[in-house]
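Asker: Task: produce atomic coordinates for the following.
(one chain, ligands or ions: 2)
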Amino acid sequence: MVKATVIGAAGGIGQPLSLLLKQSTLITDLALYDVVNAPGVAADISHINTPAVVNGYLPKDDGLAKALKNADIVVIPAGVPRKPGMTRDDLFNINAGIVRDIAVGIAEHSPKAFVLVISNPVNSTVPIVAEVLKKKGVFDPKRLFGVTTLDIVRASTFISEAAGKPTESLKYKIPVIGGHSGVTIVPLISQSQPSIDVSQEKIEQLTNRIQFGGDEVVKAKDGAGSATLSMAYAGARFAIAVLEAASGKKLETTEQAYVHLSADSNGAKEVTSVIGNDTPYFSVPLELGPNGVEKILPLGKVNEYEQGLIKKAVADLGGNISKGVAFIESSKL
Ligand SMILES: NC(=O)C1=CN([C@@H]2O[C@H](COP(=O)(O)OP(=O)(O)OC[C@H]3O[C@@H](n4cnc5c(N)ncnc54)[C@H](O)[C@@H]3O)[C@@H](O)[C@H]2O)C=CC1
Ligand SMILES: O=C([O-])CC(=O)C(=O)O
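Answerer: Ligands and ions are numbered 1, 2, ... in the order given. Reported below is the predicted structural model:
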C-alpha cells in the first residue's frame, strides 16, 4: 500500500501532476489537498480505472491532517507562480509561509514521508521545510528533495535540438547541478551523453537557455503563470522514481534533486571537493533507494567554464538558503 499526497492539487501543476500520479500503478491511495476545489479535482480523477483510490480534502474538518496522515510521499506544488518581470525570489513573501505551514503538518502527520518540494523559490523553500522538520525533531535529509527535474528535462530537450536530433531527446542525459533559479542552475554540458560537438559560444547560449527556461514560459504565458504541464511531467517522473527506488527497484536513469548534503556524507565529500564548503544544499545526481537518498553520486569532470558557473551558483545560493533559515528562526512554531 502506497499513499501519495499532493498539496496544492487544484493548481496549474497540481491537477496534471495528480493525473499523472493516478496513472502509476505503484500508488494505491492518492490524497489531493488544496485550499480550493480539491474535492472537484479528486472526483474527476477518481473515475479513472487505475488502482489508486482518490480523495480530495479542503482545510475544513482537519483536511490537511487527513490528507497527510500516513503518507509515504508528499509532493508540494502549493503557492503562487511568477508573472512576467518577477524573479522566483519575489515569490518568497507569500510562498514561505505556505510551505512552512505545510511542513508543520508533515512533521505532525507524516514525519517519515518522502517530501518533494516544487513551490518556489526552491532554493529557499527546501531549507524552510528542513528547518521546520529539525525544530520538530523529525528531519531526515535522505527524505527531503527540492524538485529540479524540470531543469534536466529542459537540458535534454534543448541539447538534443542543438545536436540536430530532436526526436532522440530521451537519450540525451545532461547533469544539471546547483539550485533552481537563474545562475544557480548549472548544466554540465561537457558531460552530455551522447556528447555534442558545438562551439563554446553555442554552449554558452544553451547554458543560458537552460538557466532561464522558466522565463521563456512565463513570458509566453503573458501573465497567466509559469510552467505547469512540463513541471507536472517532471514532478511525476521524479516522484515515481522515488517510489520505484523505495520499492527496491534498481533505477535505469540517474535522477537529481536539491538536497541537504548531509544526506550522504561520503558522497558529499567528493561534491564539496568540486564546489567548496560554502553551501549545505545543492542539486546533485543521486542514487535513490528504499530510504530515499542512498548515495550522492560524483559530479564527474567539470571544465573551467563550468567551474566558473558553479562559483556564481554557490555565491547566490548562500543568500537564498540563509533567507529560508532566518524565516523559520523568526517564526513561532
Ligand atoms: N520546482 C520547479 O521546477 C517549478 C516550480 N514551480 C512553482 O510551483 C508553484 C505552483 O505553481 P502553479 O501550480 O503554476 O500555481 P497555481 O497558482 O496554478 O497553483 C497553486 C495552487 O496552490 C494552492 N494553494 C495556495 N495556498 C495553499 C495552501 N496553503 N495549501 C495548499 N494549497 C495552497 C492554490 O489554491 C492553487 O491551487 C509556484 O510556486 C511555482 O513557482 C513552477 C514550475 C516549476
Ligand atoms: O520559472 C518559474 O517561475 C517556474 C519554474 O520554476 C520553472 O519553470 O522552472
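
Asker: from the stretch 101-250 of the chain, which residue is nearest to ligand 1?
Answerer: residue 120 (3.4 Å; C-beta to the nearest ligand atom). The C-beta positions use only the backbone N, C-alpha and C, and glycine is treated the same way.

Asker: For the residue of the stretch 101-250 of the chain found nearest ligand 2, grab the count of nearby residues.
Answerer: Shortest the stretch 101-250 of the chain-to-ligand 2 distance, computed as C-beta to the nearest ligand atom: residue-wise this is residue 214, at 2.2 Å. Under the neighbour criterion other C-beta atoms under 10 Å, residue 214 is assigned a count of 25.

Asker: For this structure, what lies in contact range of ligand 1?
Answerer: Taking C-beta under 6 Å from any ligand atom as the criterion, the chain approaches ligand 1 at residues 7-8, 10-14, 33-36, 77-82, 91, 95, 98, 118-120, 122, 147, 150, 180, 225-228, 231.

Asker: before we move on, back to that, for the residue of the stretch 101-250 of the chain closest to ligand 2, what is the enclosing helix or strand?
Answerer: helix 213-221 (DSSP states H and E).

Asker: Show me what that helix is packed up against.
Answerer: Here helix 213-221 touches helix 149-162, going by 3 or more C-beta pairs under 8 Å, 6 or more residues apart in numbering; DSSP states H and E.

Asker: Using PDB, write out every CA atom in the helix it packs on.
Answerer: Written as PDB, here are the backbone C-alpha positions of helix 149-162 (Å, rounded to 0.1, in the frame of the first residue of the first chain):
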ATOM      1  CA  THR A 149      13.900  17.600 -12.600                       C
ATOM      2  CA  LEU A 150      12.500  20.200 -15.000                       C
ATOM      3  CA  ASP A 151      16.000  21.600 -15.400                       C
ATOM      4  CA  ILE A 152      17.300  18.200 -16.600                       C
ATOM      5  CA  VAL A 153      14.200  17.600 -18.700                       C
ATOM      6  CA  ARG A 154      14.800  21.000 -20.400                       C
ATOM      7  CA  ALA A 155      18.500  20.300 -20.900                       C
ATOM      8  CA  SER A 156      17.700  17.000 -22.700                       C
ATOM      9  CA  THR A 157      15.300  18.800 -25.000                       C
ATOM     10  CA  PHE A 158      17.400  21.800 -25.800                       C
ATOM     11  CA  ILE A 159      20.600  19.900 -26.300                       C
ATOM     12  CA  SER A 160      19.200  17.200 -28.500                       C
ATOM     13  CA  GLU A 161      17.700  20.000 -30.600                       C
ATOM     14  CA  ALA A 162      21.100  21.700 -30.800                       C
END
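
Asker: Not counting its own residues, what contacts that helix?
Answerer: Residues outside helix 149-162 that contact it (C-beta atoms under 8 Å, 6 or more residues apart in numbering) are 166-176, 180, 185, 187, 189, 192, 196, 198, 202, 206, 209-210, 213-214, 227, 230-231, 233-235, 237-238, 255-257, 283.

Asker: Show me which residues of the helix holding residue 214 are buried.
Answerer: Along helix 213-221, the positions that meet the burial threshold by neighbour count (16 or more other C-beta atoms under 10 Å) are 213-215, 217-218, 221.

Asker: Repeat that for stretch 71-84.
Answerer: By neighbour count with 16+ other C-beta under 10 Å, stretch 71-84 contains the buried residues 71-82.

Asker: Which two of those residues have the greatest separation?
Answerer: Every pair in the buried residues of stretch 71-84 was compared (C-beta to C-beta); the two farthest apart turn out to be 72 and 82, at 30.6 Å.

Asker: Could you pick out which of the contacts of helix 149-162 are located in strands?
Answerer: Using DSSP state E, 176, 185, 187, 255-257, 283 are the members of the contacts of helix 149-162 that sit in strands.

Asker: Of these, which is the most crowded?
Answerer: Using other C-beta under 10 Å as the neighbour test, those are led by residue 283, with 30 neighbours.
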